[in-house]
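Visitor: Kindly generate the corresponding structure for this input.
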Amino acid sequence: MVSNRLDKVHKKITKKKGKNPNLHEGSRDTKRLQSAAQRDDKLNRLTKVREHQNRPYRMHTVASRLT
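Guide: Next comes the predicted model:
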(Lines give C-alpha, C1' and ligand atoms only; values in the text may rest on other atoms or scores of the structure.)
Protein backbone atom coordinates (compact mmCIF):
# COMPACT_ATOMS: atom_id res chain seq x y z
CA MET A 1 0.00 0.00 0.00
CA VAL A 2 1.49 3.29 -1.09
CA SER A 3 1.11 6.31 1.13
CA ASN A 4 -0.53 9.36 -0.43
CA ARG A 5 -0.08 11.96 2.28
CA LEU A 6 2.14 14.07 0.04
CA ASP A 7 -0.70 14.39 -2.48
CA LYS A 8 -3.07 15.53 0.25
CA VAL A 9 -0.66 18.19 1.52
CA HIS A 10 0.08 19.39 -2.01
CA LYS A 11 -3.64 19.62 -2.79
CA LYS A 12 -4.30 21.65 0.36
CA ILE A 13 -1.46 24.08 -0.41
CA THR A 14 -2.67 24.43 -4.01
CA LYS A 15 -6.17 25.28 -2.78
CA LYS A 16 -4.77 27.90 -0.44
CA LYS A 17 -2.20 29.50 -2.78
CA GLY A 18 -3.68 28.94 -6.23
CA LYS A 19 -2.70 26.77 -9.20
CA ASN A 20 0.92 27.90 -9.43
CA PRO A 21 2.18 28.73 -5.94
CA ASN A 22 5.58 30.41 -5.82
CA LEU A 23 7.12 29.03 -2.65
CA HIS A 24 10.47 30.24 -1.45
CA GLU A 25 12.96 27.88 0.10
CA GLY A 26 12.27 28.48 3.79
CA SER A 27 8.52 29.01 3.62
CA ARG A 28 6.13 27.23 5.93
CA ASP A 29 4.44 25.47 3.02
CA THR A 30 7.76 24.23 1.65
CA LYS A 31 8.58 22.76 5.05
CA ARG A 32 5.16 21.07 5.11
CA LEU A 33 5.82 19.54 1.69
CA GLN A 34 9.28 18.34 2.72
CA SER A 35 8.05 16.74 5.93
CA ALA A 36 5.17 15.07 4.06
CA ALA A 37 7.62 13.69 1.50
CA GLN A 38 9.87 12.34 4.24
CA ARG A 39 6.87 10.82 6.01
CA ASP A 40 5.75 9.13 2.79
CA ASP A 41 9.23 7.72 2.21
CA LYS A 42 9.38 6.38 5.75
CA LEU A 43 5.90 4.81 5.59
CA ASN A 44 6.59 3.20 2.21
CA ARG A 45 9.95 1.87 3.41
CA LEU A 46 8.43 0.43 6.60
CA THR A 47 5.55 -1.13 4.66
CA LYS A 48 8.01 -2.85 2.34
CA VAL A 49 10.04 -4.19 5.27
CA ARG A 50 6.89 -5.37 7.06
CA GLU A 51 5.67 -7.21 3.97
CA HIS A 52 9.05 -8.87 3.59
CA GLN A 53 9.04 -9.96 7.24
CA ASN A 54 5.49 -11.34 7.04
CA ARG A 55 6.13 -13.36 3.88
CA PRO A 56 6.97 -16.64 5.72
CA TYR A 57 3.75 -16.42 7.74
CA ARG A 58 1.68 -15.82 4.63
CA MET A 59 3.37 -18.71 2.83
CA HIS A 60 2.62 -20.93 5.83
CA THR A 61 -1.07 -20.02 5.82
CA VAL A 62 -1.35 -20.57 2.08
CA ALA A 63 0.38 -23.94 2.38
CA SER A 64 -1.86 -25.01 5.26
CA ARG A 65 -4.97 -24.14 3.24
CA LEU A 66 -3.82 -26.33 0.36
CA THR A 67 -3.42 -29.44 2.52
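Visitor: List the buried residues in the helix or strand hosting residue 53.
Guide: Element membership of residue 53 [criterion: DSSP states H and E] is helix 28-66. Using 16 or more other C-beta atoms under 10 Å as the burial criterion, the residues of helix 28-66 that qualify are 29, 32-33, 36, 40. Heads up, the C-betas are built off the backbone N, CA and C, glycines and all.
Visitor: just stretch 7-22 next, same as before
Guide: Along stretch 7-22, the positions that meet the burial threshold by neighbour count (16+ other C-beta under 10 Å) are 9-10, 13.
Visitor: Off-centre distance for that stretch?
Guide: Chain-centre distance of stretch 7-22: 18 Å, with C-alpha atoms, centre = their mean, to the nearest Å.
Visitor: Stretch 42-52 too?
Guide: 10 Å.
Visitor: now stretch 54-61
Guide: Per C-alpha atoms, centre = their mean, the displacement of stretch 54-61 from the mean C-alpha position of its chain is 25 Å.
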